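Peer 1: only geometry, no sequence info:
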């Protein structure tokens, strides 16, 4: 099993002129201290895929119709190498991406989620932003494109880290960083981020209130939380406690109603709490593709009644809650 080599000196240099400079040493130590979590049997394959990407002299990143697009002076013969290298990083779950001539149709249409939340959040212009559970980093680039001055994404997955590195190879933007960390490994009481996103994380936490407390401690006074998570239908204050899988997903512990979710957020000290979106995940938004050939949402639903999960629970609903931390 191979172990990730992490360059703490490089991180310190890249954060030196940012608002995260005082935390650079602690952030680097937090990564190194992950120990066994920095090991993975597939790491050599993922690293080889990134290393084999074509090297070009000119490149840039922009957003085109919701697609994170890497432009550059790719030669015609680069397309085969690009495709082969990027296929070495399958499965691609969050996107979509366009690497030169190669389109990556990811499992999730993450641009649709961004379209649901963007009209409701405070402008990201010149803000310091944290994205917890950032996956491949798709939304990091949307946040940066929306004007954020510095974006930090954290996710314990080394696979997602290598997908981010493939993008960063051509984006070359040190204002966007990815650290292989879970939220609980961040330095406590940072209180520095103007906006914090937690999307698709809360339902994986055995104690959701602890996660909300961690999010609150990372925010500056007046900062904004964007929380996206699974809920259950109902107008009352209830939760569904789970002892097995939900929609084929492991580590799902408790799903609240919308009201109960807002109560959790309020109890964590947030104010101006607004649920701005509740929607059912569609088979067009989450599905298998060439770039994610494994089972997807359709396999998690009851074949006889797609209003139910394969376990007999209500089909997934996703809510977006926005709240403010006043200190």
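Peer 2: Perfect, thanks for sending it. Just so we're clear, the structure is a prediction, and the values are computed from it rather than from any experiment.
Peer 1: what about residue 206, neighbour count?
Peer 2: Using other Cβ atoms under 10 Å, residue 206 has 9 neighbouring residues. In short, each C-beta sits where N, CA and C put it, glycine included.
Peer 1: In contact with it: list those residues for me.
Peer 2: Counting by Cβ atoms under 8 Å, 6 or more residues apart in numbering, residue 206 touches residue 253.
Peer 1: Check residue 297 too.
Peer 2: Residue 297 makes contact with 247, 281, 283, 286, 287, 316, according to Cβ under 8 Å, 6+ apart.
Peer 1: Please name the nearest non-neighbouring residue to the fourth one.
Peer 2: When you say that, I think you mean residue 286. Closest residue in space to residue 286, ignoring its immediate chain neighbours: residue 297 at 4.2 Å, by Cβ to Cβ, 6 or more residues apart in numbering.
Peer 1: How confident was the prediction at the one you found?
Peer 2: pLDDT for residue 297: 97.
Peer 1: measure it to residue 283 for me?
Peer 2: Distance, residue 297 to residue 283, by Cβ to Cβ, to the nearest Å: 6 Å.
Peer 1: likewise residue 237?
Peer 2: Noted for residue 237: a distance of 31 Å to residue 283, by Cβ to Cβ.
Peer 1: Which one of those two is surrounded by more residues?
Peer 2: Per other Cβ under 10 Å, whichever of residue 237 and residue 283 has more neighbours is residue 237, with 14 against 11.
Peer 1: would that one count as being in a helix?
Peer 2: No. The assignment for residue 237, made by DSSP: H, G, I helix; E, B strand; the rest coil, is coil rather than a helix.
Peer 1: Now for it: which residues touch it?
Peer 2: The neighbourhood of residue 237, defined by Cβ under 8 Å, 6+ apart, consists of 257, 259, 260, 263.
Peer 1: For this protein, give the strand that spans the most residues.
Peer 2: strand 219-231 (DSSP state E).
Peer 1: What pairs with that strand, parallel or antiparallel?
Peer 2: Here strand 219-231 is paired, per DSSP bridges, with strand 193-199 (parallel), strand 317-325 (antiparallel).
Peer 1: looking at the ones you listed, which is buried most?
Peer 2: When the strands paired with strand 219-231 are scored by mean count of other Cβ atoms under 10 Å, the highest mean neighbour count falls to strand 193-199 (a mean of 24).
Peer 1: Tell me, how many residues neighbour the closest residue to residue 244 other than its chain neighbours?
Peer 2: Spatially, and ignoring its direct neighbours in sequence, residue 244 is nearest to residue 311 (6.7 Å; Cβ to Cβ, 6+ apart). If you count neighbours by other Cβ under 10 Å, residue 311 ends up with 14.
Peer 1: so which of the contacts of residue 237 comes closest to residue 12?
Peer 2: residue 263 (41.0 Å; Cβ to Cβ).
Peer 1: which residues does that closest one contact?
Peer 2: 237, 256.
Peer 1: Show residues contacting the one helix or strand residue 130 maps to.
Peer 2: Take DSSP states H and E as the rule and residue 130 turns out to sit in strand 128-132. Here strand 128-132 makes contact (Cβ under 8 Å, 6+ apart) with 18-20, 139-140, 143, 148-154, 183, 192-199, 201, 215, 218, 220.
Peer 1: where along this protein do the helices fall?
Peer 2: For the chain, the helices defined by DSSP state H cover 8-15, 24-32, 43-51, 78-87, 110-117, 138-145, 158-171, 208-218, 258-267.
Peer 1: I'd like the ones you listed laid out as a markdown table, including mean pLDDT and distance to residue 274.
Peer 2: Listed next are those as a markdown table, based on pLDDT from 0 to 100; distance: least, Cβ to Cβ, whole Å:
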| stretch | mean pLDDT | distance to residue 274 |
| --- | --- | --- |
| helix 8-15 | 96 | 33 |
| helix 24-32 | 97 | 31 |
| helix 43-51 | 98 | 39 |
| helix 78-87 | 97 | 38 |
| helix 110-117 | 98 | 11 |
| helix 138-145 | 98 | 20 |
| helix 158-171 | 98 | 29 |
| helix 208-218 | 97 | 16 |
| helix 258-267 | 98 | 9 |
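Peer 1: Relative to residue 72, which of the ones you listed is closest?
Peer 2: Using Cβ to Cβ, the nearest of the helices of the chain to residue 72 is helix 158-171, at 5.8 Å.
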